[in-house]
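Chemist: Structure for this input, please:
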Amino acid sequence: MIVYALHFTSDTMKYDTQDALTEGTYSVDGGEWQSFQNGILRDKSFHRMVVRWTPESVDLQLWRNLNVSAKNVWFQLSTSDGEVLAERRYISREEHMENDPESSYSPEMDMRNTPGYTVRVVNLELFNDPEWMTEMGSPELILEVENPYEHEEMRFTDCVSVTYSMDNGFYILFFRDAMPGVLLFALVCFFGLFLFPVAGFILGKVDYRYLTFGALCFSWGIFMIGQKLSGYLNLWIEDPTVCLALLMMLKHFLVIAILFYMKSNLKRATGRMVANLTTTAYILAFLTVVVLHFTAVWDLYASADLMDICTAVGMLLIAALLFMEVKESKQALRMLISLVPLTLAMLLDALNGVFPFTEIHFYYFGLTITMLYQILRIVLDLRQQYKEAIRYQQMQKELYEAKVSVMVSQIQPHFMYNALSSIAMMCTIDPDTAQEATLTFAKYLRGNMDSLKTTAPVSFEQELEHLKKYLYIEKLRFDDLLTIEYDIQVTDFRIPLLSVQPLVENAVKHGVGMKQQGGTVTIATRETEEDFRVIVSDDGVGFDVNAARELQETKSDGRSHVGMENTKRRIAEMCGGSVVIESTPGEGTVATVILPKSGQRGGANENSVSG
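Modeler: Numbers count the residues shown, from 1 in each chain. Sure thing, here's the model as predicted:
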């Protein structure tokens, strides 16, 4: 448990830290000395700044330490008599080896323009020494700050923080100011690492979009944690340049994750190829600047402007590809909408860099809004996926019931009686045919029972083989009154099991079976550019299509009607297809099963892999 000590002075309450630069004088780039009070220094831009102030203005009996945090600047804190209290200055290889001949070489020795991130703690006991204070009079503290990046001005508030504190001042600041944000974004990391990818797996999908969004959330969380820790990293990582490199690399990892997620919303193969090349180019540029940093050629902070240009080009290019797909993809439209806050934020930051008007960094707000929007969209998407999963389970139950209905309709007592009677008659007339018919009938019954275990569409060859067994038995019954013809031109497609048989049954029983002289049932298959078709036709009695519903409701055997309705629903839900019935009284009926080729890529129940 962390307990914050509170100190009361008259009518004010103070925490365990206090801003040290509340009153004094400063000079920017060698200019005139000016006075400052209460935060005036915050927006000051500079290449070199010197700040003077007197610690006597605070209660030195209360504050024990002076804490200095610096980012990407050299600095020196000293007293007015020249005593250096804390510093971060460039030390050449020669000076380093002279001071410590036995030390090993470090690339930092060649990185003249890379201060990195630094924290220093100064004990204020010296200012509580009466003799020293008497000797010095009113001693001043002098903070000299130098920006090594000549072509870029820095704002004081972005790179320097100076505070008084009791013991462990940096840790007090860390737990008070940074820890809440660290915990919040650690939760974001958890969501990215586990929740979104696992949610996709639970819903039965290995979805590339969920995986890349999980990586994006994780990268965003780590990046924001790094930003919260940026002023404290040197407490745990000794080398300031490594602190710098770590945070800059987190930024680049975040950009790579954004590019991958944007790419995952593309559908066209050409667009995905261009996006792959763009992302690969950015990764290569990133690896190049990392190598240059660790070989002391060009540090990551100095290369930030170039990498920002690469980021903008990459995101704009993929955004253009998304814009080209807006009409055909809701994902592309949602991705573009989410990029609006981030784009505006980057533009405002660019304007703020040229014409400073605020100390706010819009990038973090824009990125946060973009990420929150995407999280909301993914949550809604997962919710929709969950509803579809529930609907699929319900559909499976209905399909099972439908298959039971189809099976029962085909093995109803009078059908079995007719089949067995026909086989019995053949036993005395043609025993060999009777034996073959018995085996065929047994295989037919087994096929019906096996259909209960099948949840996905089957190949048309399998459906056709089962259909031939049914027609073989019906041929025994009707003999010359039933002629079967096959016109099979294509078989390489999938169809729900037992979905053609109800159509053939209607053609036999209610078509040629109702015609005194019998007739012909033809089974044909065709392929068009958009779909596959199974055509079952007969030259039987036909019927009035417009009055079909009323006629079917008045039939004594309603099970054929139930089987037909189940067949239509199964074809629609499992393959996105339809059944078209055309009939002319006295001429016959044509039933066409239309199966779109888009529905052949996977049944409704199959796992999908996108990406």
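Chemist: distance between stretch 177-190 and the chain's centre?
Modeler: In terms of CA atoms, centre = their mean, to the nearest Å, the centre of stretch 177-190 is found 20 Å from the chain centre.
Chemist: mind saving the C-alpha coords of that stretch as CSV?
Modeler: Presented in CSV, the C-alpha positions along stretch 177-190 are these (Å, rounded to 0.1, in the frame of the first residue of the first chain):
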residue,chain,number,x,y,z
ASP,A,177,1.4,10.6,-11.6
ALA,A,178,2.5,7.7,-13.8
MET,A,179,1.3,4.5,-12.1
PRO,A,180,-2.5,5.0,-12.7
GLY,A,181,-1.8,5.4,-16.4
VAL,A,182,0.6,2.4,-16.4
LEU,A,183,-2.1,0.2,-14.9
LEU,A,184,-4.7,1.5,-17.3
PHE,A,185,-2.6,0.7,-20.4
ALA,A,186,-1.5,-2.6,-18.9
LEU,A,187,-5.2,-3.5,-19.1
VAL,A,188,-5.2,-2.4,-22.7
CYS,A,189,-2.2,-4.7,-23.3
PHE,A,190,-4.1,-7.6,-21.7
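Chemist: Quick check: mean pLDDT of it?
Modeler: Stretch 177-190 comes out with an average pLDDT of 88.
Chemist: what's the answer for stretch 542-557, then?
Modeler: 60.
Chemist: and N123, how far is that from L376?
Modeler: 50 Å (CB to CB, to the nearest Å). In short, each C-beta sits where N, CA and C put it, glycine included.
Chemist: and what of V121?
Modeler: According to CB to CB, V121 and L376 sit 43 Å apart.
Chemist: neighbour-wise, which of those two wins?
Modeler: V121 (17 against 11; other CB atoms under 10 Å).
Chemist: hey, where'd the helices end up in the stretch 501-611 of the chain?
Modeler: For the stretch 501-611 of the chain, applying DSSP state H, counting those that start in this stretch gives helices covering 501-506, 548-553, 559-575.
Chemist: For G518, what are phi and psi?
Modeler: Backbone torsions for G518, taken as degrees, to the nearest 10, come to phi 70, psi -160.
Chemist: Repeat that for S80.
Modeler: Per-residue torsions, S80: phi -70, psi -20 (degrees, to the nearest 10).
Chemist: Spit out the contact partners of it.
Modeler: 136, 139-142 (CB atoms under 8 Å, 6 or more residues apart in numbering).
Chemist: how about 6 Å then?
Modeler: 139-140 (CB atoms under 6 Å, 6 or more residues apart in numbering).
Chemist: With the one 10 residues further on instead?
Modeler: Listed by CB under 6 Å, 6+ apart, the contact set of Y90 reads R112.
Chemist: For it, give me phi and psi.
Modeler: Per degrees, to the nearest 10, the backbone of Y90 is at phi -70, psi 130.
Chemist: Check V68 too.
Modeler: Residue torsions, per degrees, to the nearest 10, at V68 are phi -120, psi 120.
Chemist: Confirm for me that it is in contact with V121.
Modeler: No. V68 is beyond contact range of V121, at 7.8 Å (criterion: CB atoms under 6 Å).
Chemist: how close does the residue nearest the centre of the chain sit to Y373?
Modeler: The centroid of the chain falls nearest to F213 when counting by CA atoms, centre = their mean (1.9 Å). According to CB to CB, F213 and Y373 sit 12 Å apart.
Chemist: now the stretch 301-450 of the chain, which segments are flagged as low pLDDT?
Modeler: Counting by pLDDT under 70, the low-confidence segments of the stretch 301-450 of the chain come to 350, 353-354, 359, 396-422, 425-426, 428-430, 434, 437, 445-450.
Chemist: Which parts of it are helices?
Modeler: So, for the stretch 301-450 of the chain - with DSSP H, counting those that start in this stretch - the helices run 304-324, 330-354, 362-410, 413-429, 431-450.
Chemist: and D19, what does it touch?
Modeler: T163 are the contacts of D19 under CB under 6 Å, 6+ apart.
Chemist: pretty sure V121 is in a strand, no?
Modeler: Yes. Counting by DSSP: H, G, I helix; E, B strand; the rest coil, V121 is part of a strand.
Chemist: Just the pLDDT for it.
Modeler: Per-residue pLDDT puts V121 at 90.
Chemist: so it touches N65, yeah?
Modeler: Yes. Using CB under 6 Å, V121 makes contact with N65 at a distance of 5.3 Å.
Chemist: No further queries at this time; thank you.
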